[in-house]
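Undergrad: Provide a 3D model corresponding to the input given below.
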Amino acid sequence: MTGWIDRLKQKWGVTTTKVIIILVVFACTGFTVMFLKEPLLSLVAPVEERNWVFSLVYYLLIFPIYNLILLAYGFLFGQFRFFWAFEKRMFSRLVGNKKST
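TA: Residues are numbered from 1 along each chain as shown. Modelled structure (predicted):
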């Protein structure tokens, strides 16, 4: 069981405790987005009027919201620097910048 934790420790350059905190932050972010989805979508359109285009637009718009929530939870759990660096690496990879910091 600890093999994957050791790999994450090495990959991220953090302690075991920080690996657990980071995983908790990812979990909290996912649950928050999951719980916010339906109430937010209900404000825009009823379930009957949603189609595949609506879903596509939702997933495109939820991406930046997810990242903001991730940074917020990272701050609350004392791991903002890790998640800020994580976000910068992710966005640099998305835009095709080969140099990731």
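
Undergrad: what's the pLDDT at Val44?
TA: Per-residue pLDDT puts Val44 at 77.

Undergrad: ok, it to Val53 distance?
TA: Val44 sits 13 Å away from Val53, going by C-beta to C-beta, to the nearest Å. No exception for glycine: its C-beta is placed from N, CA and C like everyone else's.

Undergrad: quick one: which of these two has more around it?
TA: Val44 (11 against 8; other C-beta atoms under 10 Å).

Undergrad: quick one, helices of this structure?
TA: All helices of the chain, identified by DSSP state H, fall at 2-12, 16-44, 52-76, 80-94.

Undergrad: Name the residues of the second one that are buried.
TA: Within helix 16-44, the residues that qualify as buried are 18-19, 21-22, 25, 28-29, 32, counting by 16 or more other C-beta atoms under 10 Å.

Undergrad: and what of the third one?
TA: For helix 52-76, the buried set under the neighbour-count rule, 16+ other C-beta under 10 Å, comprises 67, 69-74.

Undergrad: Could I get the residues you listed in a markdown table, plus columns for pLDDT and distance to Leu8?
TA: Below are the buried residues of helix 52-76 laid out as a markdown table (pLDDT from 0 to 100; distance: C-beta to C-beta, whole Å):
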| residue | pLDDT | distance to Leu8 |
| --- | --- | --- |
| Asn67 | 95 | 20 |
| Ile69 | 97 | 21 |
| Leu70 | 97 | 17 |
| Leu71 | 97 | 20 |
| Ala72 | 98 | 22 |
| Tyr73 | 98 | 18 |
| Gly74 | 97 | 16 |
